[in-house]
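J.: Can you look at this prediction? I've put the sequence above it.
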Amino acid sequence: MPILDALRCDMGGDTDDDDVEGFQRIPIADLAPMPYRGTGYRTEPIMGICVVGVLCAILVAVTQGVTNGPDAEATQLGQIAVILIWAEASIAILSTLYLLFGDAGVIKRTEESCYPIPSEVEQRIRALKNIPGPQGDIRHGSYCVRCLVWRSKD
């Protein structure tokens, strides 16, 4: 319908078509390999483990010491405090383990996360030109030209 075509809003080059400006889209297997993770990727978790471990140890020790010290009386409030501090320490440790081993926030290359490649990015990839960093997109969020995946707005 001509009226709908006139009202259509172009999103600045993003398209779901397989054929962009006479080119077939670049297959995922032909994209450059994912970038190497720097040393910070491996060393940051060590600092996180140390911070969580030390804070848990200090807070549990202080709570246990106050409630079970030589002059302390066994009160119901003290028992609740001990149970709560151990529960909080357990949650902190489990959360740290999830961050370390759960691949939290990792975006893998799939059809959904890679396509559509913005036309400017695809043209520069084909021409082997440098690509500037990501910019926002109304529908998808931003396109990471380093990893060649869409990062959601969330």
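T.: Arrived safely.
J.: Break down this structure into its helices, ranges please.
T.: Counting by DSSP state H, the segments of the chain that form helices are 2-7, 39-68, 76-101, 111-114, 119-127.
J.: now the third one against helix 39-68, angle please.
T.: Relative orientation of helix 76-101 and helix 39-68, computed by axes from the mean of the first three to the mean of the last three C-alpha atoms, to 10 degrees: 170 degrees.
J.: Same check on the last one?
T.: Compare the direction of helix 119-127 with that of helix 39-68 by the same axes, to 10 degrees and you get 130 degrees.
J.: Number of residues surrounding Ile58?
T.: By other C-beta atoms under 10 Å, the residues close to Ile58 number 10. Placement of C-beta: from N, CA and C, glycine included.
J.: Distance-wise, check it relative to Pro27.
T.: 53 Å (C-beta to C-beta, to the nearest Å).
J.: How about Thr39?
T.: For Thr39, the distance to Pro27 (C-beta to C-beta) stands at 32 Å.
J.: Same question for Gly65.
T.: Distance, Gly65 to Pro27, using C-beta to C-beta: 62 Å.
J.: swap in Thr43?
T.: Where Pro27 is concerned, Thr43 sits at a distance of 35 Å (C-beta to C-beta).
J.: Which one's more surrounded, Gly65 and Pro27?
T.: Shown here are Gly65 and Pro27; by other C-beta under 10 Å, Gly65 has more neighbours (11 against 8).
J.: Tell me the pLDDT of that one.
T.: Looking at Gly65, its pLDDT is 91.
J.: Quick one: residues contacting it.
T.: Listed by C-beta atoms under 8 Å, 6 or more residues apart in numbering, the contact set of Gly65 is empty.
J.: Return the helix or strand in this protein with minimum mean pLDDT.
T.: Lowest by mean pLDDT, DSSP states H and E among the helices and strands of the chain is helix 2-7, with a mean of 38.
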